[in-house]
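Q: got a sequence here, can you model it:
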Amino acid sequence: MSNSNSQADNRSSSSGPEMHQADLDNLIKKFDNESNFRDLKGILKTLVTITCVVLSVFHIYTAGFGLLNEITHRNVHMAFIMGLLFIVFPRRQPKHLKINVVLSLAYGAFYLLVAHQLAQALASDIPVWWTWMIYGFAVFMALSALPVAAMGSRNKPSWLDWPLVLAGAGFSAYLVIFFKEIFIINIGFPKAFDYLMGGMAVMLVVEGARRTMGESLSIIGVLALLYAMFGPSLPGVMAHRGYDIIRLVEHLYLGTEGIYGIAIGVVATYVFHFVLFGVLAQASGLGQLFIELATLVAGRYSGGPAKVSVVSSGFFGMISGSPVANTVTTGAFTIPMMKKYGFSGRFAAATEAASSCGGQITPPIMGASAFVMAEMLGVPYSELILIAIIPAAFHYLATLCMVHFEARRLDLKGMPEEQIPRLGAVLSKHWHQVIPLVVMVTLLLMQFTPFLAAFWGIILTIVCSYLPLLLRPLGFTKLDHESALTPRRLIDGLEEGAKQSIAITAACACVGFLLGVTTLTGLGFKFSGAIVGLATDFGSTLAVVIPFDLLTEDSLTLFIALILVALACILMGAGIPTTPTYIILAAIVAPALDDFGIALLASHFFIFYYGVLADVTPPVALAAYAGAGISGSDPMKTGVTAFRLSMGKALVPLMFIYAPSLLFLNFTWFEFSLAMISGILCIVALSAAYIGFFSAPISKVEKTILSLAGLSLVGNNPWLILVSGAVVLVILGRNYRAGHSQPVAHAA
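A: Predicted coordinates for the structure are as follows:
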């Protein structure tokens, strides 16, 4: 990043007036599909509010006093969510009309295909009018997929939405109402109407994922189903015996390996509660506490506002897992301040985006993906959040290093002392808001169930919000008296928590198609076999080319396999939220790493990290684009900068593959210490090389050497680490002496 570019960016993005809350809400809706809610009015808004509150209260009650049986609990959750989905989320508006028309026609053809196969398979068991009903529903679904604005407005459900509301709630309610007949009396012998409801469920889940998440995830779900249907027609190793629609519906709708599989189970029993806790905690003022603590910790140092952004985003990550929402929430405060103190708009937005994406890898909540990982691996969640501490610390260290070097390069100062809050004043005002978080984390570490820990976190958040009012007569006048969750604010929080869970539920239901198809067809093993074969071929070729046997064929093959898997993770995560991305990758990509003897926990953390990285990887870097919307910088350039600032998140997975001790696997103090030292040196070296500054400007030759030596530190060869570390220390040592022996010409 040259000085001239930085100065030009500064001039083009000078700090303007702060954005209003309505503008911030619009930014979230624009870049975060999960929060793209309708602005409902009147009776309809009241109806949605009541439904959301009932759903939230249901989950709070069952978390504290006992869950329903597995199938019923998941179906009750799905009935509420799918009913709300088609009211709360608008029909997708066409951006590129021709492309949208083609896609909509493709969806319509798929719905008609499902209806036709059902009608043909059940022809002898159902009356003729049922057949017409199947085709009629498919035609209706095809119509609802068309991008015709006249069929409905942005903030008001159309005549097409209401049948979808009833059908969406109905296919899950049907399994609840007739639970005994379907799962006890007639288990293994479904009736024709069961299959009809299952076919309807398949269509509605696809359309629900499309409406909440966009095209990417729903297309993956459709392709998975088509792969299962037309297996015998496929070429080579991808071919399989094939499954008709009857077998698919029975597997995906009437079992627990499809729509109602592990993903929906985790959302209904864990994720919902922590999303609700995060919403209520922020409503009670915990977010303001995080910003004040971050300012206290980092504000006074060089480039203080940017470091406040990194630290506050780390704090926010403890209670929220949405990168876009985190970027907008903290960025509304930090991005204008960073620009005011001399950072370019592009760098400010990229810093906030890179930091906010760390929320999904930051304990104790880490977003929904960590709960799914715990369930899939059978590892207690309390262990996962301890294992995740060091990798998350590496990510924030990398971002802080680059922020620090950029601030030194620009000769930026910290925030004035009068703007730095005092620790005593912060604690005396906000101590009551920390109690729920501390109790919740303590319960998790004591290995209580996550939903019980979340239950007490929610209850204590509500109770503790009233402590300032209750303690005021006793002289506690410094407490934040605006933190009370009044009935109106509590209802708003319960409603928002339920709404925030709609999209992730719809996504997980659609991902259930891929999981179900994978168990039927062995798709994961086919995909992993292709990766292993490709990596082996490349590894054997490179082993011949590389001189002096510096690297063995096995080590080259593993490295290439890791790169291929990382690329697959980033591509798969483009435009898809982290949780469904992780589930997909765990099903079809993670088995490839198992073939190399990598521990299951390490391979799942690897794909998890690279799935998160997709949020700041152009061309679909949604968190970076949201930050660019606040800063006024170029979205694509901001995405590229955010990706570079997320270097730590890109390197850490490689570190713990080669040194599992970082995840406390096969732990030895030697490997752990070596990995920590080499990891820190690697991050510092690459950060300095990227910024082009340490204590003084770094030449192009030194940048190249630092980059190569830094990357060589990612591995498990002690001699290579020793040599590379020595090279890094020599270059940085010379630069340090140069910076302290003569005045440095900083950028203006």
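Q: Tyr690: what secondary structure?
A: What DSSP: H, G, I helix; E, B strand; the rest coil gives for Tyr690 is helix.
Q: list the contacts for Ile50?
A: Ile50 makes contact with no residue under the criterion Cβ atoms under 8 Å, 6 or more residues apart in numbering. (Each C-beta comes from the backbone N, C-alpha and C, glycine too.)
Q: tell me the SS of it?
A: Taking three-state DSSP as the rule, one finds Ile50 in the helix state.
Q: do you know the pLDDT at it?
A: What the model reports for Ile50 is a pLDDT of 96.
Q: how about Ser6?
A: 42.
Q: and if you look at Leu55?
A: For Leu55, the predicted pLDDT is 97.
Q: ok so it is a helix residue?
A: Yes. Counting by three-state DSSP, Leu55 is part of a helix.
Q: tell me the contacts of His240?
A: Taking Cβ under 8 Å, 6+ apart as the test, what His240 contacts is Gly231, Pro232, Leu234, Thr521, Gly522.
Q: switch the cut-off to 7 Å
A: Residues near His240 by Cβ atoms under 7 Å, 6 or more residues apart in numbering: Gly231, Thr521.
Q: over to the one 4 residues further on?
A: By Cβ under 7 Å, 6+ apart, the contact list for Asp244 reads Gln117, Ala121.
Q: do you know how far it is from Leu204?
A: For Asp244, the distance to Leu204 equals 20 Å [Cβ to Cβ, to the nearest Å].
Q: where along the stretch 101-250 of the chain do the strands fall?
A: Secondary structure of the stretch 101-250 of the chain (DSSP state E, counting those that start in this stretch): no strands located.
Q: okay, and for it, where does confidence drop off?
A: For the stretch 101-250 of the chain, the stretches with pLDDT under 70 are 147-154.
Q: ok, which stretches of it are helices?
A: Applying DSSP state H, counting those that start in this stretch to the stretch 101-250 of the chain gives helices spanning 128-145, 161-177, 179-180, 192-213, 215-229, 245-253.
Q: can you redo those as CSV with distance to Asp554 and mean neighbour count?
A: CSV is the format used below for the helices of the stretch 101-250 of the chain (distance: least, Cβ to Cβ, whole Å; neighbours: other Cβ atoms under 10 Å):
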stretch, distance to Asp554, mean neighbour count
helix 128-145, 49, 17
helix 161-177, 49, 20
helix 179-180, 53, 12
helix 192-213, 40, 24
helix 215-229, 33, 21
helix 245-253, 39, 22
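Q: for Arg737, find the nearest of those.
A: Proximity of the helices of the stretch 101-250 of the chain to Arg737 was assessed by Cβ to Cβ; the nearest stretch is helix 215-229, lying at 51.3 Å.
Q: so the closest one versus helix 245-253, what angle?
A: Here helix 215-229 runs at an angle of 130 degrees relative to helix 245-253 (axes from the mean of the first three to the mean of the last three Cα atoms, to 10 degrees).
Q: which elements pack onto helix 215-229?
A: Secondary-structure packing of helix 215-229 (3 or more Cβ pairs under 7 Å, 6 or more residues apart in numbering; DSSP states H and E): helix 192-213, helix 502-521.
Q: C-terminal to the shortest one, what's the next element?
A: I take that to be helix 502-521. Moving toward the C-terminus from helix 502-521, the next helix or strand (DSSP states H and E) is helix 523-545.
Q: rewinding a little: now render the helices and strands packed on helix 215-229 as TSV, adding distance to Ser56.
A: Supplementary listing: these in TSV, determined by distance: least, Cβ to Cβ, whole Å:
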stretch	distance to Ser56
helix 192-213	19
helix 502-521	12
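Q: ok, Leu622 touching Val324?
A: Yes. Here Leu622 reaches Val324: they are 5.5 Å apart, a contact under Cβ atoms under 7 Å.
Q: more neighbours: the two, which one.
A: Set Leu622 next to Val324 and count neighbours by other Cβ atoms under 10 Å: Val324 wins out with 28 against 25.
Q: now the more buried one: which helix or strand?
A: Using DSSP H and E, Val324 falls within helix 323-340.
Q: list the buried residues in that helix.
A: The neighbour-count check on helix 323-340 (16 or more other Cβ atoms under 10 Å) flags 323-339 as buried.
Q: ok, and the closest non-adjacent residue to Leu397?
A: Ile683 (5.6 Å; Cβ to Cβ, 6 or more residues apart in numbering).
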